[in-house]
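[1] Just the structure for this:
(2 chains)
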2 protein chains.
Amino acid sequence: MPRVSQDQLDARRKEILAGARTCFARHGYEGATVRRLEEEIGLSRGAIFHHFRDKDSLFLAVAEDDAATMVATVAEHGLVQVMRDLLARAADSGTEPELTGWLGSQLEVSRRLRTDPEFAKRWAARSEAVAEATRERLQRQLEAGVLRADVPIGVLAQFLELAYDGLVLHLATGRPVQDLEAVLDLVEAVVRRS
Amino acid sequence: MPRVSQDQLDARRKEILAGARTCFARHGYEGATVRRLEEEIGLSRGAIFHHFRDKDSLFLAVAEDDAATMVATVAEHGLVQVMRDLLARAADSGTEPELTGWLGSQLEVSRRLRTDPEFAKRWAARSEAVAEATRERLQRQLEAGVLRADVPIGVLAQFLELAYDGLVLHLATGRPVQDLEAVLDLVEAVVRRS
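    Coordinates of the predicted model:
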């Protein structure tokens, strides 16, 4: 067998993840069949599943990448900014079918989360990373004196996560964007020191 | 043909709805197959679909009933109370598999909402009734002087709906209930006059 360097393996893994991301975003979790994954990635199922155990693992790897990006944005700009970005993309979604697919995926995995404890455990690690980043940022804001101090940070973090979840569900069900920008202003004001 | 009175028709309709509600709540939207609906309702598919055009119509009729109950609670106690009730049921959900099914249904219809404009239109009417009831209650609270006056009612109503959606998604994905009670206290405080 030819020797394959770690760099080559990493590059191939990255290539698979990029194609898988597009496919999940375009067709949702359920709609991303193995055949469609093959087409989008440009590799056979054998090659794909040599690197990722199964479709779940592939989806979770994409979700982990998403979570890492989200953690970085949360750390730098906060969860409210993540919501604002999401809203801006949704307001302009005529040009971006990927967002619709991504939103759909977020809801479609919910069924698996309810019925598959092993999947739920792996997914939870990803959510916890975002929650942790949110708490850390709030802690820094508290120390900088811009955060309200009368409500525990854990509660404020969960409040922001609740708003984020609400935004995902709202947008995923295709409801109008309307006053949501003003709602996010309100959400932001809640956690700030008045 | 024997003459069937309107009362008999109404009673039969009610009976079908009750069985369908249990079935949807227990198995979710997708899991409530026609066979399971027959078993739960105790009538043949012919009898069921004599009263309701199809499974969608049956589901929407149940959802409409739910919305009517929710509108009544919102009008009397507010949307925050609806959230508190939901949270209390979820905290005690070991004893109530119906809640899990109901939460699941809420997310599962989201796919149909994205892909079926006709279904989305019928569903929207139901959401609008709740939104309307929320705005009306907030208006009354404003007049009673207990609501904050610096943010438009439409924005406050959408803020509460965002929190409600967030709670549904949070609970539907089986995440821990933790500090959610404190989060709802915070949500309530946001709309009140400080």
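[2] Skipping its backbone neighbours, what lies nearest the residue in chain A positioned nearest to chain B in space?
    For chain A, the residue closest to chain B is residue A:166, as judged by Cβ to the nearest Cβ, at 3.2 Å. Bear in mind the C-beta positions are built from the backbone N, C-alpha and C, glycine included. Once flanking residues are discounted, residue A:166 sits nearest to residue B:166: 3.2 Å by Cβ to Cβ, 6 or more residues apart in numbering or on different chains.
[3] Tell me who's in contact with the one you found.
    Neighbouring residues of residue B:166 by Cβ atoms under 8 Å, 6 or more residues apart in numbering or on different chains: A:161-167, A:169.
[4] and the residue of chain A closest to chain B, that one's in a helix?
    Yes - assigned with DSSP: H, G, I helix; E, B strand; the rest coil, residue A:166 falls within a helix.
[5] Got the confidence number for it?
    Predicted confidence (pLDDT) for residue A:166: 95.
[6] Could you report the distance from it to residue B:168?
    8 Å (Cβ to Cβ, to the nearest Å).
[7] Residue A:106 too?
    Look at residue A:106 and residue B:168: by Cβ to Cβ, they are 13 Å apart.
[8] which of the two has more neighbours?
    Remark: of residue A:106 and residue B:168, residue A:106 carries more neighbours, 22 against 19, as counted by other Cβ atoms under 10 Å in any protein chain shown.
[9] In which helix or strand does the more buried one reside?
    Taking DSSP states H and E as the definition, residue A:106 sits inside helix A:97-115.
[10] contacts for that helix?
    A:22, A:24-31, A:56, A:59, A:63, A:89-90, A:93, A:119-120, A:123, A:168-169, A:171-172, A:174, B:28, B:100, B:104, B:107-108, B:110-111, B:114, B:169, B:172-174.
[11] and the strand or helix carrying residue A:83, is it in reach of chain B?
    Using DSSP H and E, residue A:83 sits in helix A:79-91. No - shown here: helix A:79-91 not in contact with chain B (Cβ under 8 Å from any Cβ of the partner chain), separated by at least 9.7 Å.
[12] Double-check that residue A:156 belongs to a helix.
    Yes - per three-state DSSP, residue A:156 lies within a helix segment.
[13] per-residue confidence at the residue lying closest to it once chain neighbours are set aside?
    Distance criterion Cβ to Cβ, 6+ apart; nearest residue to residue A:156, sequence neighbours excluded, is residue A:191 at 5.0 Å. On pLDDT, residue A:191 comes in at 96.
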